[in-house]
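Participant: I'll drop the sequence and a predicted model, then ask my questions.
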Amino acid sequence: MGLFDRLFGKKKEAEKVVEEVEVKEEVVGGKVESEEHSDPAGDDAFSEQAGELLNETMPEIIAELGSESSPADEESEKLQEDSDELEEEIKEIESSELAAEVVSLEKKNDEQLSEITAVAEVQEDKMPHNLEEKYDKSLEKTRKTFGERFNAFLANFRSVDEEFFEELEETLIMSDVGVDLALEVTEELRHEAKLANAKSQDALRQLIVEKIVDKFDDEKVPSDLNLQEGLTVFLFVGVNGVGKTTTIGKLAHRYKEEGKKVLLAAADTFRAGAIDQLVEWGKRSDVPVVTKAAGADPASVVFDAVEKAKTENYDILLIDTAGRLQNKDNLMKELEKIGKIIKRELPTAPHEVILALDATTGQNAIQQAKEFSAVTPISGIALTKLDGSAKGGIVLSIVQSLKIPVKLVGLGERIDDLADFDEEFFVRGLFKELI
Ligand SMILES: Nc1nc2c(ncn2[C@@H]2O[C@H](COP(=O)(O)OP(=O)(O)OP(=O)(O)O)[C@@H](O)[C@H]2O)c(=O)[nH]1
């Protein structure tokens, strides 16, 4: 292969042909030119010669151009092969890099998983494992606020005088124990020689807490739920958002777990969302829910539910109602109608009318309790969200001023975060750091 070919490859073949032809033409031309003057008659012969020459060389050139195994092709094939090899190599590198990346991602994933597991284990360790621990944990916020307020009051203590009692009264009211209880406790302490003789903050603290606990104990009303041998009907009332539906769901789960036959009734037909929410809780606890479309008469839902509960031998019927306090007359009429229907079907029912109150709302909850009590007799209170509240002291206030027992407490959002009220766990959880 000549230098030209090696340098410029097949692409230059055509140019080569053209050049060769030109060179030949030049030669031919030269002859023409040189013989033009001496032998014009030789032109034809020369043209003939040129033609012959062209005829001889062209097929060769064309053949060479058309040949499949031209050096240019070989070069190109080689290049192609090289490029294919390179591509293969790149692919190999890429796939090995990818594999390495996959391995490193998997490793990262494993590390993250084990981190999550470790965190979950720590959380699980922190989770209260028995009821007392649950109370203790739920009352953390209340205990802290209560304790801080109380200790701040005692830190200012100089002597047990009138100013001291006024401050004590104020501190107790601020701590959500309720005005009545605060006044009573303070009044009784005024006349106790023990307090007047107390010399240290610790002694004072102990005496005051003792007095609050004793008063609470004196006033307390039985807090056991009124369960029947046969069907027990619970009617739940309370304003929106206090945790009424959640409490029903948790209670459904509890009784279902105990092997009881449980039925729910969505008599809060005021909002479609409320019906859906109860249906959802029904699914979670695997218990049926009697429903009607939003806007239907709540009393008709109650009627269907009591009928079903009776004829199909249910043990527990939990009825959710709408708690519209905005219009007390309507609420009263609605609850009266529901009550009448229940009584007509089952004269001893409802066995419990539970008012759900949100512990985080403090004195507002007491106000709600007063308003509901004026509309319908309340047999017990479900105090929800005790775990998120710093105002758990209202339990004392509820018992003291309303004389309605707190029967259930919500200690979290999980399905099993509902407990019967336990006075001892509550008092210990509330005051343990003060004694
Ligand atoms: N932390 C905590 N959250 C609770 C508790 N009880 C209920 N909740 C939450 O409070 C919110 C309101 O609860 P619901 O059961 O929907 O309240 P409701 O009174 O039925 O409200 P409506 O359905 O609007 O009538 C939800 O996010 C619940 O998860 C509790 O004991 N602790």
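Facilitator: It's in. Note that the coordinates shown come from a computational prediction; the quantities given were computed from them, not determined experimentally.

Participant: what are the structural domain limits within this protein?
Facilitator: Using automatic domain parsing, the domain ranges for the chain come out as 3-64, 137-219, 232-431.

Participant: buried ones in stretch 303-316, by neighbour count?
Facilitator: 303-306, 309-310, 314-316 (16 or more other C-beta atoms under 10 Å). For every residue, glycine as well, the C-beta is placed using N, CA and C.

Participant: excluding residues flanking it in the chain, which one is nearest residue 412?
Facilitator: residue 387 (5.0 Å; C-beta to C-beta, 6 or more residues apart in numbering).

Participant: now tell me which helix or strand of the chain has the poorest mean pLDDT.
Facilitator: helix 3-8 (a mean of 38; mean pLDDT, DSSP states H and E).

Participant: quick one: residues contacting the residue in the stretch 1-150 of the chain positioned nearest to the ligand.
Facilitator: Nearest to the ligand in the stretch 1-150 of the chain, going by C-beta to the nearest ligand atom, is residue 138, at a distance of 8.2 Å. Contacts for residue 138 (C-beta atoms under 8 Å, 6 or more residues apart in numbering) come out as 386-387, 392, 409, 411-412, 429.

Participant: and the strands in the protein?
Facilitator: 232-237, 262-267, 289-290, 316-321, 352-358, 380-384, 406-410, 418-420 (DSSP state E).

Participant: if we can go back for a sec, of all the buried residues of stretch 303-316, which two lie farthest apart?
Facilitator: 303 and 315 (19.5 Å; C-beta to C-beta).

Participant: what residues are up against residue 263?
Facilitator: Residues near residue 263 by C-beta under 8 Å, 6+ apart: 287-290, 305, 308-309, 312, 314, 316-318.

Participant: distance of it relative to residue 317?
Facilitator: From residue 263 over to residue 317 the distance is 5 Å, taken as C-beta to C-beta, to the nearest Å.

Participant: so what sits against both of those two?
Facilitator: By C-beta under 8 Å, 6+ apart, the residues touching both residue 263 and residue 317 are 305, 309.

Participant: what comes up buried for stretch 262-278?
Facilitator: Going by neighbour count (16+ other C-beta under 10 Å), the buried part of stretch 262-278 is 262-270, 274-275, 277-278.

Participant: what do you get for stretch 199-206?
Facilitator: 204-206.

Participant: cool, stretch 289-302 as well?
Facilitator: 289-292, 298-299, 301-302.

Participant: can you count the residues close to the closest residue to residue 402 other than its chain neighbours?
Facilitator: In space, and not counting its chain neighbours, residue 402 is closest to residue 369: 5.4 Å by C-beta to C-beta, 6+ apart. Using other C-beta atoms under 10 Å, residue 369 is surrounded by 21 other residues.

Participant: tell me the pLDDT of residue 369.
Facilitator: Looking at residue 369, its pLDDT stands at 90.

Participant: does it touch residue 397 like I think?
Facilitator: No. Using C-beta atoms under 8 Å, residue 369 is not in contact with residue 397; the gap is 9.6 Å.

Participant: and the gap between residue 348 and residue 262?
Facilitator: As defined by C-beta to C-beta, residue 348 lies at a distance of 19 Å from residue 262.

Participant: ditto for residue 372
Facilitator: 25 Å.

Participant: related to what we said a few turns ago, from the contacts of residue 138, which one has the minimum pLDDT?
Facilitator: Among the contacts of residue 138, pLDDT bottoms out at residue 392, giving 83.

Participant: ok, and the closest non-adjacent residue to that residue?
Facilitator: residue 142 (3.4 Å).
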